[in-house]
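S.K.: Show me the folded form of this:
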Amino acid sequence: MLLDEAEKVLSAIRSGLASRDCQLLWSERTYGRVFSLSALSHECVLVEQMCLGVRQESPWSIMALLCRSHLETWLTGVYLLVGGANALETFLGQTTASHNKLRNAIEGLRSEGKSLDVEVPPLDDFDWAAKSWNFFEVAQKLEELGTACGLLSGVLVNYQIVYRTLSGLHGAHPTHGFLDSYVETPGAFARVLPESQAPPLRRVAALQYAVAFTAVHAWFAFTERGLPVAEFQDVYRKLFSVGSTA
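M.R.: So this is what the prediction gives:
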């Protein structure tokens with residue numbers, strides 16, 4: 001049932017993105033909306049990969065990476081949708097700073113005579129002061145905005161539970177969870193284990209959360225564009241109702 005619901009959401013989103021209502025003028029007034037829709041499109045790719053992972057029973061470590069990437073994409077896309085100028089300024093500032101570092105590194109290596117088959121990132125459209133994009137802060141901002149409008153309650157709690165669990169317990173962040181998952185200290189000596197001892201990630205539960213969150217993003221974004229959203233409302237209620245397939 002969950003895989004069928006995921007297919008419905010993906011099909012509805014891609015159909016909406018292909019419509020004229022999602023074609024926006026490329027200007028400072030629409031940057032945030034365009035990037036938010038782009039994030040929604042990427043969420044579809046990640047959900048599709050998670051569906052494949054559920055069907056093929058991919059390793060939980062791969063599913064954890066996909067799930068964490070989905071959460072980061074969702075936080076970015078939804079904050080750009082509802083956060084206004086502050087969200088866009090931070091996002092573009094972080095992007096500009098990141099691109100500048102990459103551009104300088106590539107050009108520095110080339111000046112030393114080292115050949116790299118890497119394209120220099122284009123920066124013609126943007127000239128924004130460097131900012132820091134922090135996912136915890138983004139979750140906090142979404143929690144504040146959501147509480148004020150009554151639409152996005154519990155974002156920070158979901159972030160803390162899902163993101164921290166994926167990063168620490170399931171190894172989706174390489175510097176977290178090494179001690180808990182791979183090291184055993186029964187006495188004076190430490191023993192490094194060949195496999196993680198963390199409980200397996202529940203693939204279906206991870207996919208359920210990802211589909212539901214993506215449906216919420218599409219619901220808000222398509223409402224603003226005047227597109228039908230009943231499909232997303234229905235899927236969200238099914239997946240978050242009592243007795244669902246979590």
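
S.K.: can you map out the strands along this structure?
M.R.: Counting by DSSP state E, the chain has strands at residues 183-184, 191-192.

S.K.: Could you point out which of those strands sits nearest residue 30?
M.R.: With C-beta to C-beta as the measure, strand 183-184 is the member of the strands of the chain nearest residue 30 (49.6 Å). Yep, even glycine has a C-beta here, placed from its N, CA and C like the rest.

S.K.: how much space between residue 183 and residue 193?
M.R.: Applying C-beta to C-beta, to the nearest Å, the value for residue 183 to residue 193 is 7 Å.

S.K.: and what of residue 96?
M.R.: 42 Å.

S.K.: Looking only at neighbour counts, state which of those two leads.
M.R.: Between residue 96 and residue 193, counted using other C-beta atoms under 10 Å, the more crowded position is residue 96 (18 against 10).

S.K.: What pLDDT is listed against the nearest residue to that one once chain neighbours are set aside?
M.R.: Distances taken as C-beta to C-beta, 6 or more residues apart in numbering place residue 128 nearest to residue 96, at 4.8 Å, with adjacent residues excluded. Note on residue 128: pLDDT of 74.

S.K.: In the chain, what residue spans correspond to helices?
M.R.: 2-17, 31-56, 60-82, 84-111, 135-149, 155-158, 164, 178-182, 203-225, 230-239 (DSSP state H).

S.K.: So which residues lie in contact with stretch 227-245, not counting its own?
M.R.: Contacts to stretch 227-245, defined as C-beta atoms under 8 Å, 6 or more residues apart in numbering, come from residues 1-2, 5, 8-9, 12, 16, 19, 21-22, 204, 208, 211-212, 215-216, 218-219, 222-223, 246.

S.K.: So which bits of that stretch are buried?
M.R.: Neighbour counts over stretch 227-245 (16 or more other C-beta atoms under 10 Å) mark 227, 229, 231, 232, 235, 236, 238, 239 as buried.

S.K.: Then stretch 51-65?
M.R.: 51, 53, 54, 60, 63, 64, 65.

S.K.: and it, how far from the chain's centre?
M.R.: The chain centre lies 16 Å from the centre of stretch 51-65; the measure is C-alpha atoms, centre = their mean, to the nearest Å.

S.K.: which other residues reach that stretch?
M.R.: 2-3, 6-7, 50, 66, 166, 170-172, 196, 200-201, 203-204, 206-207.

S.K.: Give me the buried subset of the residues you listed.
M.R.: 2, 6, 50, 66, 166, 170-172, 196, 201, 203, 206-207.
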